[in-house]
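Participant: sequence and predicted structure, then a few things I'm wondering about:
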Amino acid sequence: MLSVVAGERVRVAYQLCQAIQADLKTSDIKFQTGQLIQLSLAAKALIEQLGSCRRAEVMGCLQHDFAIGVSVMSKVRQATGHARFTVAQR
């Protein structure tokens, strides 16, 4: 249930970002400087967190893919009897 709520927040945040971008393009709307500074700081903090999450997700996927590759190469080596199928270990 929490994932659904979080997903909805992301959807709404995306729509708000699109609306704010449109508002900033028009000269009809005047924003208070303090509000824009607070929004900028919140956006920067979110971008940093997203970067950390994304890096962790990518690293997790790479580690998972590497483990699968090692397992597959081991099975190929066993099935064929070829020692040339090796995976470089770090």
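Facilitator: Yep, it's here.
Participant: going forward, measure contacts and count neighbours with C-alpha atoms only.
Facilitator: Noted.
Participant: quick one: V5 and V12, what's the gap?
Facilitator: 11 Å (Cα to Cα, to the nearest Å).
Participant: nope, I37 is what I was after
Facilitator: Distance from I37 to V12, by Cα to Cα: 21 Å.
Participant: measure L39 to F31 for me?
Facilitator: Look at L39 and F31: by Cα to Cα, they are 11 Å apart.
Participant: for E57, same thing?
Facilitator: Taking Cα to Cα, one finds E57 at 37 Å from F31.
Participant: avg pLDDT for stretch 33-49?
Facilitator: Here stretch 33-49 scores 90 as its mean pLDDT.
Participant: would you list every one of the helices in the chain?
Facilitator: Using DSSP state H, the helices found in the chain span residues 2-25, 33-80.
Participant: go through these and find the least confident stretch.
Facilitator: Among those, helix 33-80 has the lowest mean pLDDT, at a mean of 73.
Participant: what does stretch 48-59 rub up against?
Facilitator: With contact meaning Cα atoms under 8 Å, 6 or more residues apart in numbering, stretch 48-59 is reached by no other residue.
Participant: can you give me the end-to-end distance of stretch 14-33?
Facilitator: One end of stretch 14-33 sits 22 Å from the other (Cα to Cα).
Participant: buried residues in that stretch?
Facilitator: Neighbour counts using 16 or more other Cα atoms under 10 Å place no residue of stretch 14-33 among the buried ones.
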